[in-house]
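Peer 1: Prediction below, plus the sequence it came from.
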Amino acid sequence: MANIYGVDLGTCNLKIFNKHTNKIIKEKNTISVINKNQLYAYGDNAYAMYEKAPEAIQVSFPVSGGVIADYNNMQIMVQELLEKNSRGHVRGSEFIVAVPTDITEVEKKAFYDLFFKSKMKPKQVQLCDKPIADALGLGLDVNDPTGVMVVDIGADTTEISVISLGGLVLSDLIHFGGNRLDESIISYIKKSFNLVIGQKTAMQLKEHIGSALPGREGEYTVVGLDVVSGLPIEVQINASLIYEAMKDNLASICNAIRMILEKTPPELARDIIHSGIYLTGGGSQVANMDKLFTQITNIAVNTCENPDETVVRGLSLVVTNDKYKHLAYNMRTRIFR
């Protein structure tokens with residue numbers, strides 16, 4: 001019997017639900033290439049080389065801005081990962097792939113073709129709107145006539161959606177996420193200390209002492225290059241500096257949330273006030289992010305464990321539960337907006 005996979009091609013992490021084993025495969029969505037086109041490593045192994053590899057090895061992220069940027073290497077990586085974890089159950093399988101909503105038909109087709117035109121010869125490839133899978137993964141019944149608002153902050157994008165009766169009422173994809181926060185930390189530290197740090201160091205600062213609201217205490221020691229001397233030095237960074245670095249960019253997400261709420265029909269707005277806003281995505285794990293959104297909207301914000309896995313958990317329900325199978329659709333039979 002053919003296996004079924006639910007696939008979430010995230011910018012930072014690739015998550016795949018395997019129905020046969022009932023497990024989630026999770027790897028960094030990173031590839032390293034040697035001789036310009038030869039795959040050298042992928043996943044966690046490739047990510048370990050990021051910002052450390054020699055010139056001959058290029059390390060990159062095949063998904064950028066929520067869409068596939070490096071089609072060929074992404075396809076190779078998915079095939080290798082599935083064959084390694086599935087013990088020969090890949091060929092002739094079915095795939096349900098999560099796709100962002102506010103992307104073009106051509107970009108959606110790339111998600112579809114990545115599997116449909118692969119060596120895996122799938123029996124069927126279907127797509128599922130990412131916010132719908134997100135809500136399912138949060139434990140919500142999206143078939144209900146109740147308005148639900150989901151804010152998914154990823155690495156490169158933030159998707160804000162209002163869902164009711166298994167469909168999207170409103171959705172906005174803004175090209176802003178956790179990576180932008182990292183970049184703001186890098187530039188702020190360079191301006192404040194004449195110190196150049198890497199993306200991984202910026203991410204560690206955000207995770208350890210970052211906060212979406214002022215008042216957090218703590219320090220973190222980083223090593224970077226002194227702009228003046230060119231030599232590596234060690235500097236202690238405090239939490240208030242990281243907040244200052246991130247606050248303007250966090251305000252952009254707050255504005256986008258408010259704009260969606262202003263467009264929400266009154267009856268659905270009532271549901272959202274009653275149930276609260278649901279916050280997911282790997283980029284949402286900055287301390288006090290939920291409290292910031294509550295301050296801005298006066299609406300309670302619900303968080304969850306492992307927010308970067310909600311989409312793939314939702315896909316696992318679409319794969320295994322007949323009640324939600326209609327939420328996946330075929331690229332060829334659906335007319336895109």
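Peer 2: Here it is on my side, so go on.

Peer 1: which residues in the stretch 1-150 of the chain form strands?
Peer 2: Ranges of strands within the stretch 1-150 of the chain are 4-9, 13-18, 23-28, 31-34, 38-42, 57-60, 63-64, 67-68, 94-99, 124-129, 148-153, based on DSSP state E, counting those that start in this stretch.

Peer 1: can you list contacts of the first one?
Peer 2: Right, the one you point to is strand 4-9. With contacts defined as C-beta atoms under 8 Å, 6 or more residues apart in numbering, strand 4-9 is touched by 14-19, 29, 63, 68, 74, 78, 82, 93-98, 111, 114-115, 128, 130, 133, 311-312, 315-316, 318-319. Just so you know, the C-beta spots here come from the backbone N, C-alpha and C atoms, and that holds for glycine as well.

Peer 1: That one pairs with which strands, parallel or anti?
Peer 2: strand 13-18 (antiparallel), strand 94-99 (parallel) (DSSP bridges).

Peer 1: so which of those strands gets nearest residue 152?
Peer 2: Nearest to residue 152 among these is strand 94-99; the distance by C-beta to C-beta comes to 10.5 Å.

Peer 1: Of all the residues in that closest one, which ones are buried?
Peer 2: Buried positions in strand 94-99, judged by neighbour count with 16 or more other C-beta atoms under 10 Å: 94, 95, 96, 97, 98, 99.

Peer 1: Name only those of the contacts of strand 4-9 that count as buried.
Peer 2: Neighbour counting by 16+ other C-beta under 10 Å classes 14-19, 29, 63, 68, 74, 78, 82, 93-98, 111, 114-115, 128, 130, 133, 311-312, 315-316, 318-319 among the contacts of strand 4-9 as buried.

Peer 1: just checking, residue 57 touches residue 30?
Peer 2: No - in terms of C-beta atoms under 8 Å, residue 57 does not count as a neighbour of residue 30; the distance is 11.9 Å.

Peer 1: Please identify which of the two sits among more neighbours.
Peer 2: Taking neighbours as other C-beta atoms under 10 Å, residue 57 and residue 30 compare with residue 30 leading, 24 against 15.

Peer 1: so how far is residue 5 from that one?
Peer 2: 20 Å (C-beta to C-beta, to the nearest Å).

Peer 1: Please apply the same query to residue 197.
Peer 2: From residue 197 to residue 5 the distance is 38 Å (C-beta to C-beta).

Peer 1: Likewise for residue 212?
Peer 2: Distance from residue 212 to residue 5, by C-beta to C-beta: 35 Å.

Peer 1: Ignoring the adjacent residues along the chain, who's closest to residue 310?
Peer 2: residue 137 (3.4 Å; C-beta to C-beta, 6 or more residues apart in numbering).

Peer 1: er, residue 107 actually
Peer 2: Leaving out its chain neighbours, the residue that sits closest to residue 107 by C-beta to C-beta, 6+ apart is residue 67, at 4.6 Å.

Peer 1: What does the pLDDT read for that neighbour?
Peer 2: Listed pLDDT for residue 67 reads 94.
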